[in-house]
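Asks: how does the following fold in three dimensions:
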Amino acid sequence: MKHFVMLSAAVMTALCANAGAFMESDVAESDSVKGFQFTDVKTVKTTSVKDQNKSGTCWCFAGTSFIEDEIMRQGGDSLDLSEMYTVYHCYDAKADRFVRNYGQVNFAQGGSLIDVLWAIKNFGAVPEEVYTGLNYGQDKHCHYEMEGIMAGMLGTVIKKKDGKISTAWKRALNGVLDAYLGELPREFTYKGKKYTPMSFAASLPIKPEDYVAVTSFTHHPFYQEFVLEVPDNWLNGAYKNVKLDELKAIVDNALENGYPVNWAADVSEGGFKWKDGVALMPKGKTEGDMNGTELARWTTLSDKERQNDKYGFNGPVPEEEITQESRQQMFDNQTTTDDHGMEIVGIAKDQNGNRYYKVKNSWDTNQKYHGFIYVSEPFFLAKTMGIVVHKDAIPKEIAKKINVK
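Replies: Coordinates of the predicted model:
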């Protein structure tokens, strides 16, 4: 069973981990091959697009971008916070949990929407310039070797060949993290002032307890919270459960009032066209090939193959009507999976008046909209795993139902 859990987690995080390797050449905005004309209706202020490259740390890039934008929204400076400072602490905690559970839980590169907030609360934060996490001869993040070494170590530890676990394994694991990511800073100077990671986090205009994780599924009662059952929710984080129209209402209210939204979704659908900067749920095409890394399939298609792709579209097309029931079915049969973390930063419309969410990704800027993708409302309704927002972004009547004050 433990091998199945680890393999499943590896497959599910492959989309994040391999994303940077599949980026194609830049496409000019004037290119009208796909025939979409998007107009931004409402956007929130956001920091620059980053590149997770060959690391399954989308959750951290999305969560860090979300926090950076929340800092600006609340009057703070535009900051570039270190993702790898958070990643180090999460690897460390995942390893401890893996060993304490005899290897029967997930240890992988992936994570969840709540991980960055958890790390800030417990370990603080540091600027990117203080801790880049690039200590292994690379200019961009690549965690395959590092993760493989740690996974091998942990596999040996839980076998207990000596009849018990030694007192050295954790130091050995931290040695790997130190070697690849760098030793964690205990204190640093930033803009002429000395900080510890905890004092730096305390200086920021955010409080981790002010943020709420929300989802919408029928296998648990509405208006209660439950632990979302996906391998990357290694912290067993609880999500508030609301109806689908209320989930959308929270996102719309947040964006209309200047709040960003942290978003976890399934991007393995054939209608998710990263290169073309658009994600749709074309009518009659909801059952796709979900085996393996779908991202690799659609990013490597030639132009001729794209024309024959069952998910190809040259502009706005009729889309599926997503209901609470159809959404639940896709989750239950696992054609909706926990693939990727991103940040919703705006609302847009196409030339036909169809509504979209403008989404910031962490796959660099070398695609049509320079690191952003327009996600249709049906795609959002069908493929959202969960969101995180500031509690004040939730409409009051919904906040009351889920006991958010």
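Asks: which parts of the helix or strand where Glu246 lies are buried?
Replies: Here Glu246 sits within helix 244-256, counting by DSSP states H and E. Residues Leu244, Glu246, Leu247, Lys248, Ala249, Ile250, Val251, Asp252, Asn253, Ala254, Leu255 are the ones in helix 244-256 that count as buried (16 or more other C-beta atoms under 10 Å). Just so you know, the C-beta spots here come from the backbone N, C-alpha and C atoms, and that holds for glycine as well.
Asks: and after that helix, which helix or strand comes next?
Replies: Trace forward from helix 244-256 with DSSP H and E and the next one is strand 261-265.
Asks: remind me what that next one packs against, helices and strands.
Replies: helix 58-73, helix 244-256, strand 340-349, strand 384-390 (3 or more C-beta pairs under 8 Å, 6 or more residues apart in numbering; DSSP states H and E).
Asks: who does the next helix or strand after it pair up with?
Replies: Following strand 261-265 in sequence order, the next helix or strand is strand 272-273 (DSSP H and E). When pairing is defined by DSSP bridges, strand 272-273 lines up against strand 278-279 (antiparallel).
Asks: sorry, back to before: Ala179 is nearest to which of the helices and strands packed on strand 261-265?
Replies: helix 58-73 (19.7 Å; C-beta to C-beta).
Asks: quick one: mean pLDDT for that closest one?
Replies: Averaged across helix 58-73, the pLDDT comes to 98.
Asks: mind listing what's buried along it?
Replies: Buried residues in helix 58-73 (16+ other C-beta under 10 Å): 58-73.
Asks: check stretch 167-180 too.
Replies: Trp169, Leu173, Asn174, Val176, Leu177, Tyr180.
Asks: so what's the residue positioned nearest the centre of the chain up against?
Replies: For the chain, Gly341 is the residue whose C-alpha lies nearest the centre (C-alpha atoms, centre = their mean; 1.4 Å). Gly341 makes contacts with 16, 58-63, 111-113, 262-264, as judged by C-beta atoms under 8 Å, 6 or more residues apart in numbering.
Asks: ok, the residue lying closest to it once chain neighbours are set aside - contacts?
Replies: Nearest residue to Gly341, sequence neighbours excluded (C-beta to C-beta, 6 or more residues apart in numbering): Ala62, at 3.6 Å. Residues counted as contacts of Ala62 (C-beta under 8 Å, 6+ apart) are Leu113, Asn262, Trp263, Ala264, Gly341, Met342, Glu343, Ser362.
Asks: do Val41 as well
Replies: Gly346, Ile347, Ala348, Lys349.
Asks: make it 10 Å
Replies: Leu255, Glu256, Gly346, Ile347, Ala348, Lys349, Arg355, Tyr356, Lys358 (C-beta atoms under 10 Å, 6 or more residues apart in numbering).
Asks: tell me the SS of it?
Replies: strand (DSSP: H, G, I helix; E, B strand; the rest coil).
Asks: shaky segments in this protein?
Replies: Applying pLDDT under 70 to the chain picks out residues 1-34, 285-311.
Asks: just to revisit the earlier point, make TSV from the helices and strands packed on strand 261-265 and add distance to Asn403 to it.
Replies: Shown next, in TSV, are the helices and strands packed on strand 261-265 (distance: least, C-beta to C-beta, whole Å):
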stretch	distance to Asn403
helix 58-73	22
helix 244-256	14
strand 340-349	24
strand 384-390	15
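Asks: among those, which is nearest Ile373?
Replies: Comparing the helices and strands packed on strand 261-265 by C-beta to C-beta, strand 340-349 comes nearest, at 8.0 Å.
Asks: which SSE is immediately downstream of that closest one?
Replies: Next element after strand 340-349 (DSSP H and E): strand 355-360.
Asks: how about that following strand: buried residues?
Replies: Across strand 355-360, burial judged by 16+ other C-beta under 10 Å covers Tyr356, Tyr357, Lys358, Val359, Lys360.
Asks: cool, stretch 117-124 as well?
Replies: Buried-residue list, stretch 117-124, by 16+ other C-beta under 10 Å: Leu117, Trp118, Ala119, Ile120, Phe123, Gly124.
Asks: quick check: closest non-adjacent residue to the last one.
Replies: Think Gly124. Leaving out its chain neighbours, the residue that sits closest to Gly124 by C-beta to C-beta, 6+ apart is Pro197, at 3.1 Å.
Asks: measure Leu247 to Phe380 for me?
Replies: Using C-beta to C-beta, to the nearest Å, Leu247 is found at 9 Å from Phe380.
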